[in-house]
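Q: what follows is a protein structure lacking sequence information:
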């Protein structure tokens, strides 16, 4: 109190309007030098030329659910291609009338993924739920019980195939990659060499060639009469491919671990398995979340390469729709739809990974 | 002092808990440790000092096999250290180690850092391990921080947690590898106080340190090492007041 009487009272003036608020922000961020001013104006011009026409094409002059004939007479987008063909795009050759089955299976899958997001639920029970869910999903897809017609895997196509290849690819590739990374750092020369050869060989070939090998070469080596499901072979190829990349990323994380962590674990008497499982991997895997998510995202998008071994993922079913004479010429609309679909999935993954990173941050 | 009950294959009172016999170690071609002989009785407190690069850290790191020795013998609690990983793990459970840079596990809370060893190595039930951990945290005056992460504590607090973590394994010997060298000056005392408490309770301790005050007041013996050899070994009184070797005199004149 006595302080306030001794300090002379003074006025607090507002800063000039050109420094704060909208004008201040514009000056600071868009027009802070002549070069930036030129850039700002140029970008505004480009946007003016591009955005309104796109907007009227996509939303004003467009048709959303009409016949293909009606689309011939309009200037704008023919989004009708999506709703009119949605069941084929999403479920491909799954028999008509049975398509609720893959639909339900996908809902279950997404529900499970959503449920697993919370790290508080990472307990043994989660593993049990997943097992039950996988069995239910497999039953729904394959059928053969409860009066459901049998649907061979050759007919599995569209979005369920994409999700299946991507999700199981990632889930199985990650632990395999971790083991490969540990093996590559092993002191035992045989294991180390094996892992190095595997990783370098897989990384040295494109995924397409692996898929070809799995679909064309591999069956030649099998004894007569033995066949392995084509979808399964593609799935295994994707897993093996992704695992090699994951392994190198995880190895980077292991190398970033300070030696003191190993020594502290050793000096407590923890054995190798305990040290890795309790001390090293939890920290190393946290460090490599950003690059591993990058790999998982590209693995997700790479599943579309299975078209070359005649599997009909969601990209291929869309292409087939476009080859229907009724709907040819609307590829822009169809591909925009696909792009949005892929974007939603990828964005969900990357934003989840950022949340996970934050949740695992412990102040160092 | 005689805490040897309940030890099955362990040493009796007059047998040394640690025995190092003409031990040599090389890093590649470099002869780091040369002909080291050392006997430590239960309850003894030994301070090892010497200029940097003299091999004192390497010596105590050999005792729990963080470093491998190439010649001679190291016998800890009746077990000889060889390449046998089971023996090494057995020795490590009996020997606690405190590091210069604490080496707490940053992804675990303080209490989890403490209970990890007892739960996974000693197979102590979780609840019991937590009670014991809290007891040791009280002892190092840091119980209120139990649920924090190491990154949220100061250096001195982290080092006290590290000491408590080692104690939770109920070790027979504690090794300290320059425990105060990485600390800000005002935090050194809080760590040394904990170590003095420990010494007064009769813990067997091997301490590599530059804290000569600690050596004077706590140690039973002071070992001076230079160039990979033990140059001089004596009671603190004799060591500080009447050093025998030129190198010891030079060292003491530089640090005191």
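A: Yep, that arrived. Computed from a prediction, not measured in an experiment: that's the story for all the values here.

Q: what's the closest non-adjacent residue to the closest residue to chain B within the stretch 1-150 of chain A?
A: Proximity of the stretch 1-150 of chain A to chain B (Cβ to the nearest Cβ) peaks at residue A:119, 12.8 Å away. C-beta coordinates here come from the backbone N, C-alpha and C atoms, glycine included. Nearest in space to residue A:119, with sequence neighbours left out and distances taken as Cβ to Cβ, 6 or more residues apart in numbering or on different chains, is residue A:359 at 6.2 Å.

Q: in the strand or helix carrying residue A:209, what counts as buried?
A: Using DSSP states H and E, residue A:209 falls within helix A:207-212. Neighbour-count burial for helix A:207-212 flags A:207, A:210, A:211, A:212 (criterion: 16 or more other Cβ atoms under 10 Å in any protein chain shown).

Q: what's the neighbour count on residue 51?
A: Went with chain A since none was named. 10 (other Cβ atoms under 10 Å in any protein chain shown).

Q: wrong one, I was asking about chain B
A: Residues near residue B:51, counting by other Cβ under 10 Å, number 16.

Q: likewise residue B:130?
A: Residue B:130 has 18 nearby residues by other Cβ under 10 Å.

Q: ok, residue A:309 next?
A: With other Cβ under 10 Å as criterion, residue A:309 counts 18.

Q: do the same with residue B:212
A: Per other Cβ under 10 Å, the neighbour tally for residue B:212 reads 18.

Q: tell me which residues touch it, please.
A: Shown in contact with residue B:212 (Cβ atoms under 8 Å, 6 or more residues apart in numbering or on different chains): B:49, B:240, B:255, B:256.

Q: what does the stretch 201-350 of chain A put close to chain B?
A: A:258, A:260-261, A:263-271, A:274, A:278-279, A:282-283, A:286 (Cβ under 8 Å from any Cβ of the partner chain).

Q: apply 6 Å and report the result again.
A: A:260, A:263, A:264, A:267, A:268, A:269, A:274, A:279, A:282, A:283 (Cβ under 6 Å from any Cβ of the partner chain).

Q: tell me the contacts of the nearest residue to the fifth one once chain neighbours are set aside?
A: If I follow you right, that is residue A:268. Using Cβ to Cβ, 6+ apart and skipping the chain neighbours, the partner closest in space to residue A:268 is residue B:117 (4.0 Å). Listed by Cβ atoms under 6 Å, 6 or more residues apart in numbering or on different chains, the contact set of residue B:117 reads A:268, B:168, B:169.

Q: tabulate those in TSV, adding columns for distance to residue A:99 and pLDDT.
A: Shown next, in TSV, are those (distance: Cβ to Cβ, whole Å; pLDDT from 0 to 100):
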residue	distance to residue A:99	pLDDT
A:268	56	92
B:168	59	94
B:169	61	92
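
Q: just among those residues, which is most surrounded?
A: Ranking the contacts of residue B:117 using other Cβ under 10 Å puts residue A:268 first, with 28 neighbours.

Q: so how many other residues sit close to whichever residue of chain B sits closest to chain A?
A: Proximity to chain A, evaluated over chain B using Cβ to the nearest Cβ, is greatest for residue B:151 at 3.3 Å. Residues near residue B:151, counting by other Cβ under 10 Å, number 13.

Q: cool, and residue A:18?
A: By other Cβ under 10 Å, neighbour count at residue A:18 equals 10.

Q: look up how far residue A:41 lies from it.
A: 19 Å (Cβ to Cβ, to the nearest Å).

Q: then residue B:99?
A: Taking Cβ to Cβ, one finds residue B:99 at 61 Å from residue A:41.

Q: which of these two has more neighbours?
A: The residue with more neighbours, out of residue B:99 and residue A:41, is residue B:99; 23 against 12, by other Cβ under 10 Å.

Q: rewinding a little: right, and out of the buried residues of helix A:207-212, which lies closest to residue B:111?
A: residue A:207 (46.2 Å; Cβ to Cβ).

Q: tell me which parts of the stretch 151-256 of chain B are close to chain A?
A: Residues of the stretch 151-256 of chain B lying near chain A (Cβ under 6 Å from any Cβ): B:151, B:152.

Q: so where do the helices sit in the stretch 151-256 of chain B?
A: For the stretch 151-256 of chain B, the helices defined by DSSP state H, counting those that start in this stretch cover B:155-167, B:185-200, B:212-218, B:236-241, B:246-255.

Q: just these: most buried one?
A: Ranked by mean neighbour count under mean count of other Cβ atoms under 10 Å in any protein chain shown, these are led by helix B:155-167, which reaches a mean of 25.

Q: name the helices or strands packed onto that one?
A: Under the contact definition 3 or more Cβ pairs under 6 Å, 6 or more residues apart in numbering or on different chains; DSSP states H and E, helix B:155-167 sits against strand B:95-98, helix B:110-120, helix B:126-139, helix B:185-200.

Q: and the first one, how far from the chain's centre?
A: Going back to what we said before, that points to strand B:95-98. Chain-centre distance of strand B:95-98: 5 Å, with Cα atoms, centre = their mean, to the nearest Å.

Q: how much space is there between the residue of chain B closest to chain A and residue B:157?
A: Distance from residue B:151 to residue B:157, by Cβ to Cβ: 11 Å.

Q: what residue ranges in the chain score low on pLDDT?
A: Defaulting to chain A. Judged by pLDDT under 70, chain A has its weakly predicted residues at A:1-8, A:363-364.

Q: my question was about chain B, not that one.
A: Looking at chain B by pLDDT under 70, you get B:1-14.

Q: how about the backbone phi and psi for residue B:32?
A: Phi and psi for residue B:32, reported as degrees, to the nearest 10, are phi -80, psi -50.

Q: can you list contacts of whichever strand or helix holds residue A:102?
A: Using DSSP H and E, residue A:102 maps to helix A:100-116. Contacts with helix A:100-116, where a contact means Cβ under 6 Å, 6+ apart, come from A:91, A:94, A:133, A:137, A:140, A:141, A:160.

Q: give me the neighbour count for residue B:121.
A: Residue B:121, neighbours per other Cβ under 10 Å, totals 17.

Q: just the endpoints, please. Distance across stretch A:27-37?
A: Start-to-end span of stretch A:27-37 (Cα to Cα, to the nearest Å) is 9 Å.

Q: in it, which residues are buried?
A: Under the neighbour-count rule, stretch A:27-37 has none buried (16+ other Cβ under 10 Å).

Q: distance from the chain centre to that stretch, please.
A: 38 Å.

Q: what do you get for stretch A:303-319?
A: 17 Å.

Q: tell me which stretches of the stretch 1-150 of chain B form helices.
A: Under DSSP H, counting those that start in this stretch, the stretch 1-150 of chain B gives helices at B:56-63, B:85-94, B:110-120, B:126-139.

Q: and the residue of the stretch 1-150 of chain A closest to chain B, how close does it get to residue B:209?
A: Following Cβ to Cβ, the distance that separates residue A:119 from residue B:209 is 42 Å.
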